[in-house]
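Participant: one predicted model, sequence on top.
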Amino acid sequence: MIRRSIKTNILLLLSLLLVPSSSTKYTLEKVRDIELPTPGFLELVGSTIYATSFNADPWFLSKNGVYRAEAGSLVDGTGEFEVLTKDLDWPNDMTVLPKDMFGFNAMAIGHGFLVPGHATGGLSIINLDEPESKPYEISAELNNWFYHKAYAIDMDGDGLLDFVTARCRDNVIPFPWNPENKGTLVWLRNPGGEEPLTGENNISSYCSSLKTNPFRDSLRSSQSAGRRQSS
């Protein structure tokens, strides 16, 4: 496996200069490199850059992280990445959530990958207001299933944002006793209430495959109501 550089070039998101030229509207000019161990995914939200970092070392040696920084400070060299958490194994793509979803600024992030030793992942919520706090894992605990990205969508028309995500199980080494490779589209329904992440009936209690879906009736009802209103 080819290792990624311990630095990531400042591309457009990490501020390559836009310079007008005679032949095109803009050209890109490299400014500098920014230190970030084995960078993975990048997300620019407003003026804030979020990044993940992971590698294929054994789990007890692997260095993982989720970071953020102000884009302007990275451009002029006055700032650096702040660590949000190092508790997630192989953190993947990020979705920044509206504050009113859980009452604090938050991010949903999928984690895990098919690389042996990192195949069991999940979907977790990071409190961006208290980055030192432990992430909330809201997905079911399933061995050798990993997640990449979640989308916040009101699936059943109740006014609350739910999560739709995909999870995957892939055996890199095809031993005959391994379970079949498989992918599933998953709906995690937001039950609402004062503690949708930590309460007795929290969001992880309402997880279902969209193929065999116990919430299908409520979803169909909301879709039918929407069609009647639009007609």
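Facilitator: Yep, that arrived. Numbers count the residues shown, from 1 in each chain.
Participant: low-confidence regions, this protein specifically.
Facilitator: For the chain, applying pLDDT under 70 flags the ranges 1-24, 59, 208-231.
Participant: recalculate using a threshold of 80.
Facilitator: 1-29, 31, 58-62, 172-175, 178, 199-201, 204-231 (pLDDT under 80).
Participant: all helices for it, in order.
Facilitator: With DSSP state H as the criterion, the chain has helices at 71-76, 216-230.
Participant: quick one: the shortest one to chain centroid distance?
Facilitator: Remark: helix 71-76 is offset 23 Å from the chain centroid, using Cα atoms, centre = their mean, to the nearest Å.
Participant: tell me, how many residues neighbour Glu82?
Facilitator: Using other Cβ atoms under 10 Å, Glu82 has 11 neighbouring residues. Every residue, glycine included, has its C-beta placed from N, CA and C.
Participant: my bad, should have said Pro176
Facilitator: Residues near Pro176, counting by other Cβ under 10 Å, number 4.
Participant: and Glu29, by the same measure?
Facilitator: Neighbourhood size, Glu29 [other Cβ under 10 Å]: 10.
Participant: sort out which residues of stretch 66-75 are buried, please.
Facilitator: Neighbour-count burial for stretch 66-75, with 16 or more other Cβ atoms under 10 Å as criterion, is recorded at 66-69, 71, 74-75.
Participant: between these, which is nearest Asn178?
Facilitator: Taking Cβ to Cβ as the measure, Asn178 lies nearest Val66 of these, at 30.1 Å.
Participant: my guess is that closest one contacts Leu88, does it?
Facilitator: Yes. Assessed by Cβ atoms under 8 Å, Val66 is found in contact with Leu88 at 6.7 Å.
Participant: need the residues touching each of the two.
Facilitator: Ile109 (Cβ atoms under 8 Å, 6 or more residues apart in numbering).
Participant: how about Asp162: which residues does it bridge to?
Facilitator: Ile153 (DSSP bridges).
Participant: please report how far the nearest residue to Tyr50 once chain neighbours are set aside lies from Tyr147.
Facilitator: Spatially, and ignoring its direct neighbours in sequence, Tyr50 is nearest to Glu43 (4.5 Å; Cβ to Cβ, 6 or more residues apart in numbering). Distance of Glu43 to Tyr147, computed by Cβ to Cβ, to the nearest Å: 16 Å.
Participant: quick one: which of those two has more around it?
Facilitator: For Glu43 versus Tyr147, neighbours defined as other Cβ under 10 Å are more numerous around Tyr147 (23 against 17).
Participant: the closest residue to that one other than its chain neighbours: what's it in contact with?
Facilitator: Nearest in space to Tyr147, with sequence neighbours left out and distances taken as Cβ to Cβ, 6+ apart, is Gly110 at 3.3 Å. Listed by Cβ under 8 Å, 6+ apart, the contact partners of Gly110 are 91-93, 121-123, 146-150, 165.
Participant: no further questions, thank you.
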